[in-house]
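Based on what follows, work out the 3D shape:
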Amino acid sequence: MGNTAQTLFFAGHARLPQGMAAQNVFESLSITVEVDARYAVVIEASCTLATEHGRVFIRDLLRGYSLLNGVAEPIAEIQRRYIGRAASALVAALKDLEMQFERCRASFARAG
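Residues are numbered from 1 along each chain as shown. Here you go, the predicted model:
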């Protein structure tokens, strides 16, 4: 876990497809990341997939990746390697997370 004084936390959300195991617990899928405030490198990541294996897969995919590079690369990896019904929800949640990150960057840029 990172130093909370020098990290930022972002969350992205998306609706789950009907009939997924995780939908019994959550209405939507969430991906959260804690990033280094300076370089936006993902220090820790989690998601609300139903299985531990799925959560570890997403954590390992995102850990060490800089959000300054956008999310096209992790999305491509999900589309190539995640063969499951939640793939489109994972992609949508990552795009939402990127939007939150870009809003934060714009806000910091305006503040100087």
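
Let me see the mean pLDDT of the one helix or strand Glu98 maps to.
For Glu98, the host element (DSSP states H and E) is helix 87-111. Across helix 87-111, pLDDT averages out at 94.

Pull the distance from that helix to the chain's centre.
For helix 87-111, the separation from the chain centroid amounts to 9 Å (computed by Cα atoms, centre = their mean, to the nearest Å).

Contacts made by it with the rest, please.
8, 10-17, 28-33, 35, 40, 47, 58, 67, 70-71, 74-75, 78-79, 82 (Cβ atoms under 8 Å, 6 or more residues apart in numbering). The C-beta positions use only the backbone N, C-alpha and C, and glycine is treated the same way.

Apply 7 Å and report the result again.
8, 10-17, 29-31, 33, 58, 67, 70-71, 74-75, 78-79, 82 (Cβ atoms under 7 Å, 6 or more residues apart in numbering).

Check which residues of it are buried.
For helix 87-111, burial by neighbour count (16 or more other Cβ atoms under 10 Å) applies to 88-94, 96-98, 100-101, 104.

which one among those gets closest to Glu52?
Glu52 lies nearest to Leu90 out of these, by Cβ to Cβ, at 15.9 Å.

do you know how far that closest one is from Ala37?
25 Å (Cβ to Cβ, to the nearest Å).

re the thing from before, can you convert the buried residues of helix 87-111 into JSON lines and add a column each for distance to Glu52?
As requested, the buried residues of helix 87-111 are exported to JSON lines (distance: Cβ to Cβ, whole Å):
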{"residue": "Ser88", "distance to Glu52": "22"}
{"residue": "Ala89", "distance to Glu52": "18"}
{"residue": "Leu90", "distance to Glu52": "16"}
{"residue": "Val91", "distance to Glu52": "21"}
{"residue": "Ala92", "distance to Glu52": "22"}
{"residue": "Ala93", "distance to Glu52": "18"}
{"residue": "Leu94", "distance to Glu52": "20"}
{"residue": "Asp96", "distance to Glu52": "23"}
{"residue": "Leu97", "distance to Glu52": "21"}
{"residue": "Glu98", "distance to Glu52": "25"}
{"residue": "Gln100", "distance to Glu52": "25"}
{"residue": "Phe101", "distance to Glu52": "26"}
{"residue": "Cys104", "distance to Glu52": "30"}
